[in-house]
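**Q** The amino acid sequence is not available; the structure is as follows:
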């Protein structure tokens, strides 16, 4: 109930912010709000060849099934079966604007170019939000109100039809300073079902990142984050539990970057605290993961190869769990990859590595496996963009005899603008989770298709169809789920 109230309060605040911004833009009070939402925009809707770039910033996503995210250090969420541990090593350096030709929100500033945040230009795209500017910051508030139907509300082998509503507020803020940078990202969703006994599904991801430029080649990177989610129904730790617990994840990190000629060194220290709302089978699963990392990058221009090493230690509040096993672990990860920045056409990085966690109990096998991490954006044209994300999650477990699981997941999304204010997209998510100590392998697939019709800078109508499928080696737990939803998006 507390999480539901918190989500609703967050949603109301976001709605009020968007409404007030809309009223100010229209030059009137709240009585002018309807006209501001549905008035025809300048040049809107009729220019098929216009640039349809999306100016709203996408922040790091939550870690599926809650585990240690071996990808970027933007932090994972504690969604699902494991912990919200970000194992990205120490690369907190996705700078949000800096001096001396450093990155401008992920892109290097050219010589003589203003490295501060570029504001959307109304003449370029009359359907993109302008944001609210205050104190050297630009804030982009947004809220989506959605309603949908599904043929498997519980996402389980025995799930039934249901209808739901969803509230998804967000607030992104970025600095516009000539030196130093600050980025704030707050994103949440609350889904509840109109009928039946299916658990509500609240999620929240909040991140604050800062870069302190000590000098042109030296910087300190700081990050703090909080994640909230409900544990996945397919997690063996909560098998048969009706009221699945909430998981809270707290993350803090400090990093240091130093450029030495064509090389850049980034040592870092990250701590992640995972708190479960309730124990599982009498076992307290609360734990703390500490990681120390070092990343070395060679700046070869467009292509930047790098290597990274991470040492880790995982400790539990209860040194011995309810099954008499000691699950504390030590270990590390080595990986190498390449980052590339070809103007705005191809931006991102990909890395391959190997991770091992050695559990203290001699009766538990090591949790280990290959890791693949990637985050790439390919702008094919002004109208078409492809994003690819890959991640590997290590999920510890408290099931008797089980060390945990290693999950690999890849996400591909294609978006295309049919008109300046009409965007369609296709998405595909594929995953495989292998359990150590359990005779179980899960394979998941999710396909989606969506469309967005932008009414003006403030409002848009959305629609999305989704198909989900889980195949597992455990008899009787396979399922499929289909859903369709429509929504209204308000932004400033």
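**A** Arrived safely. Keep in mind it's a predicted model, so treat the numbers as computed, not measured. Numbers count the residues shown, from 1 in each chain.

**Q** What is the burial count for the nearest residue to residue 402 once chain neighbours are set aside?
**A** Among residues not flanking residue 402 along the chain, residue 437 sits closest, at 3.7 Å (Cβ to Cβ, 6 or more residues apart in numbering). The way it works is simple: take the backbone N, C-alpha and C, and place the C-beta from them, glycine included. The tally of other residues near residue 437 (other Cβ atoms under 10 Å) stands at 18.

**Q** now residue 314
**A** 25.

**Q** buried sites along the helix or strand in which residue 294 is found?
**A** In this structure, residue 294 sits in strand 287-298 according to DSSP states H and E. Using 16 or more other Cβ atoms under 10 Å as the test for burial, strand 287-298 gives 287-289, 291-293, 295-297.

**Q** Name the nearest of the residues you listed relative to residue 154.
**A** Nearest to residue 154 out of those is residue 287 (Cβ to Cβ; 27.6 Å).

**Q** Relative to residue 252, how far out is the residue lying closest to that closest one once chain neighbours are set aside?
**A** What sits nearest to residue 287 in space, not counting adjacent residues and going by Cβ to Cβ, 6+ apart, is residue 316, at 4.6 Å. With distances taken as Cβ to Cβ, to the nearest Å, residue 316 is found 19 Å from residue 252.

**Q** which of the two has more neighbours?
**A** Neighbour totals were compared for residue 316 and residue 252, and residue 316 leads with 21 against 15 (other Cβ under 10 Å).

**Q** Let me see the contact set for the more buried one.
**A** Residue 316 sits next to 284-287, 327-328 when contact means Cβ atoms under 8 Å, 6 or more residues apart in numbering.

**Q** Kindly report the same for residue 354.
**A** By Cβ under 8 Å, 6+ apart, the contact list for residue 354 reads 333-335, 368-371.

**Q** Dump those to CSV, plus secondary structure.
**A** Formatted as CSV, the contacts of residue 354 follow (DSSP: H, G, I helix; E, B strand; the rest coil):
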residue, secondary structure
333, strand
334, strand
335, strand
368, strand
369, strand
370, strand
371, strand
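
**Q** and of the residues you listed, the nearest to residue 181?
**A** Among these, residue 335 lies closest to residue 181 (Cβ to Cβ), at 26.4 Å.

**Q** Now that closest one. Nearest residue, chain neighbours left out?
**A** Excluding its sequence neighbours, the residue lying closest to residue 335 (Cβ to Cβ, 6+ apart) is residue 353, at 2.4 Å.

**Q** in the stretch 251-400 of the chain, what spans have low per-residue confidence?
**A** Applying pLDDT under 70 to the stretch 251-400 of the chain picks out residues 279-283.

**Q** go with 50
**A** Scanning the stretch 251-400 of the chain for pLDDT under 50 picks out nothing.

**Q** same question, the stretch 1-150 of the chain
**A** Using pLDDT under 50, the stretch 1-150 of the chain drops low at 1-123.

**Q** Apply 80 and report the result again.
**A** Along the stretch 1-150 of the chain, the model assigns pLDDT under 80 to residues 1-124.

**Q** show me where the stretch 51-200 of the chain has strands.
**A** 68-69, 132-134, 137-150, 162-175, 181-193 (DSSP state E, counting those that start in this stretch).

**Q** what's near enough to touch the residue nearest to residue 402?
**A** Counting by Cβ under 8 Å, 6+ apart, residue 437 touches 364-365, 397, 399, 401-404.

**Q** How about residue 416, nearest residue that isn't a chain neighbour?
**A** Nearest in space to residue 416, with sequence neighbours left out and distances taken as Cβ to Cβ, 6+ apart, is residue 384 at 4.7 Å.

**Q** Just to check, that neighbour is in contact with residue 418?
**A** No: assessed by Cβ atoms under 8 Å, residue 384 is found out of contact with residue 418, at 10.6 Å.

**Q** surely residue 413 meets residue 377?
**A** No: taking contacts as Cβ under 8 Å, residue 413 lies outside contact range of residue 377: 9.9 Å.

**Q** Residue 409 - that's part of a strand, no?
**A** Yes: read with three-state DSSP, residue 409 is one of the residues of a strand.

**Q** neighbours of it, just the number please.
**A** 21.

**Q** so which helix or strand takes in the closest residue to it other than its chain neighbours?
**A** Residue nearest to residue 409 in three dimensions, not counting chain neighbours: residue 431, with 3.9 Å by Cβ to Cβ, 6+ apart. According to DSSP H and E, residue 431 maps onto strand 422-436.

**Q** So what are the sheet partners of the next helix or strand after that strand and their directions?
**A** Note on strand 422-436: by DSSP H and E, the next helix or strand toward the C-terminus is strand 441-454. Here strand 441-454 is paired, per DSSP bridges, with strand 422-436 (antiparallel), strand 459-472 (antiparallel).

**Q** Return the set of buried residues in the strand holding residue 431.
**A** For strand 422-436, the neighbour count (16+ other Cβ under 10 Å) marks 422-423, 425, 427, 429, 431, 433, 435-436 as buried.

**Q** same deal with stretch 189-197?
**A** Here stretch 189-197 shows 189-193 as buried, counting by 16+ other Cβ under 10 Å.

**Q** thought residue 315 was touching residue 286?
**A** No: counting by Cβ under 8 Å, residue 315 sits too far from residue 286 to count as a contact (10.0 Å).

**Q** Would you mind measuring from the residue lying closest to residue 325 once chain neighbours are set aside to residue 322?
**A** Counting by Cβ to Cβ, 6+ apart, residue 325 lies nearest to residue 361, which is 4.7 Å off, once chain neighbours are set aside. Distance, residue 361 to residue 322, using Cβ to Cβ: 13 Å.

**Q** just residue 447 next, same as before
**A** 39 Å.

**Q** Now residue 238: phi and psi?
**A** phi -120, psi 30 (degrees, to the nearest 10).

**Q** same deal with residue 237?
**A** Main-chain dihedrals, residue 237, degrees, to the nearest 10: phi -70, psi -20.

**Q** can you map out the helices along the chain?
**A** Read by DSSP state H, the chain holds these helices, from start to end of the chain: 2-26, 33-38.

**Q** How far away from the center of its chain is the strand holding residue 294?
**A** 19 Å (Cα atoms, centre = their mean, to the nearest Å).

**Q** now stretch 393-402
**A** 23 Å.

**Q** hey, what's the nearest residue to residue 267 once chain neighbours are set aside bridged with?
**A** Distances taken as Cβ to Cβ, 6+ apart place residue 294 nearest to residue 267, at 5.0 Å, with adjacent residues excluded. Residue 294 forms beta bridges with residue 267, residue 309, as assigned by DSSP bridges.

**Q** Over to residue 353?
**A** Beta-bridge pairing of residue 353 under DSSP bridges involves residue 335, residue 371.
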